[in-house]
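Colleague: build me a model from this:
(one chain, ligands or ions: 1)
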Amino acid sequence: MNRKKLSGKIALVTGSSRGIGRAIVERLSREGATVVINYFSSSDKADEVVAAIASGGGTAVAVQADVSRIGGVQRLFEQTWEHFGRIDILVNNAGIRITRTVADTQEDEFDRLFAINVKGPFFACQQAVHRISDGGRIINISSAVTRMMLPGYSIYAASKAAVDQLTRVLAKEIGERQVTVNAVCPGPVDTELLREGKTEEQLQGMAQMAAFNRLGKVEDIADVVAFLASDDARWITGQIIHVNGGYI
Ligand code: NAD
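Modeller: Below you'll find the predicted structure:
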């Protein structure tokens, strides 16, 4: 019998009602995982993903939670537990980008971005330490911008660099339970977040920086996440994996 690689696994993916997160839950579901779709405000979009997964024969539930608040993160894990009684895979995907020079960045922008991009993954990792199954998987979505010197990307890049370091430290802290912790750093991927505030010309310029002369597709990232979530990736931990078609 051709058993799917993630059969019997419970996967929680933050911010998964659209974009890269949606592609990740759909891909994990195709590998046999039962998925928890976390959304912040768009319940209609989350319901659409649940329905799409159900129509493909998978199992999914949608859970509203603001991951920038510890209470939201706790509720997300509690509801996952109430539904399925375990968690095997956590993907910290929810994130926002604010593009500002250091000179122009306001305190409230700094606080909001760090609350969603750093505090959220940090406390979700803390919940996972207490609840994830032995041999589980934690995958944090970081960004190629940590390796670049892009003017205007200071707080966003700093937030993703914090996620990379959280990944490395947690991998050692949780390693004895055979849980792997890795970060995936996409280059530009064609989503609403990427398109925000950019002209077609700017997007073309980004596409041309990749070896394959195109923007990333959400599936390019989801396939790597599915691999890291599988048993095939059991010897990969504490790694920051760049997935960008040769962009940098
Ligand atoms: P997106 O905006 O389409 O998706 C982000 C999701 O996070 C949305 O569904 C949003 O509602 C959710 N979210 C935001 N704040 C939240 C909160 N407080 N609580 C719960 N959910 C919240 O963006 P995307 O392009 O799919 O990005 C997904 C991840 O990939 C992000 O972490 C982003 O930084 C990262 N990334 C994206 C690119 C790219 O080019 N698209 C490149 C590198 C890294």
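Colleague: alpha carbons only for contacts and neighbour counts from here, please
Modeller: Will do.
Colleague: pLDDT of the longest helix belonging to the chain, averaged?
Modeller: In terms of residue count, the longest helix belonging to the chain (DSSP state H) is helix 154-174. For helix 154-174, the mean per-residue pLDDT is 98.
Colleague: could you do stretch 43-61 as well?
Modeller: The average pLDDT for stretch 43-61 rounds to 98.
Colleague: how about that stretch: buried residues?
Modeller: Neighbour-count burial for stretch 43-61 flags 45-47, 49-51, 53, 58-61 (criterion: 16 or more other Cα atoms under 10 Å).
Colleague: thinking again about what came up before, quick check: next helix or strand after the longest helix of the chain?
Modeller: Using DSSP states H and E, the helix or strand that follows helix 154-174 in sequence is strand 180-186.
Colleague: can I get stretch 235-248 as CSV, trimmed to CA atoms?
Modeller: What follows is stretch 235-248, C-alpha atoms only, in CSV (Å, rounded to 0.1, in the frame of the first residue of the first chain):
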residue,chain,number,x,y,z
TRP,A,235,18.5,14.6,10.2
ILE,A,236,17.9,18.3,9.3
THR,A,237,17.6,20.6,12.3
GLY,A,238,18.7,24.0,13.3
GLN,A,239,19.1,25.0,9.7
ILE,A,240,18.1,28.1,7.8
ILE,A,241,17.1,26.9,4.4
HIS,A,242,17.0,29.4,1.5
VAL,A,243,14.4,28.6,-1.1
ASN,A,244,14.6,31.3,-3.8
GLY,A,245,15.4,30.0,-7.3
GLY,A,246,18.9,31.5,-7.1
TYR,A,247,17.7,35.0,-6.2
ILE,A,248,20.6,35.5,-3.8
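Colleague: run through who's touching it.
Modeller: Outside stretch 235-248, the residues that touch it by Cα atoms under 8 Å, 6 or more residues apart in numbering are 143-144, 147, 164, 167-172, 180-188, 209-212, 216, 220-221, 224, 228.
Colleague: again with stretch 133-145
Modeller: 86-93, 121, 125, 153, 157, 160-161, 163-164, 167, 177-187, 225, 228-229, 242, 244, 248.
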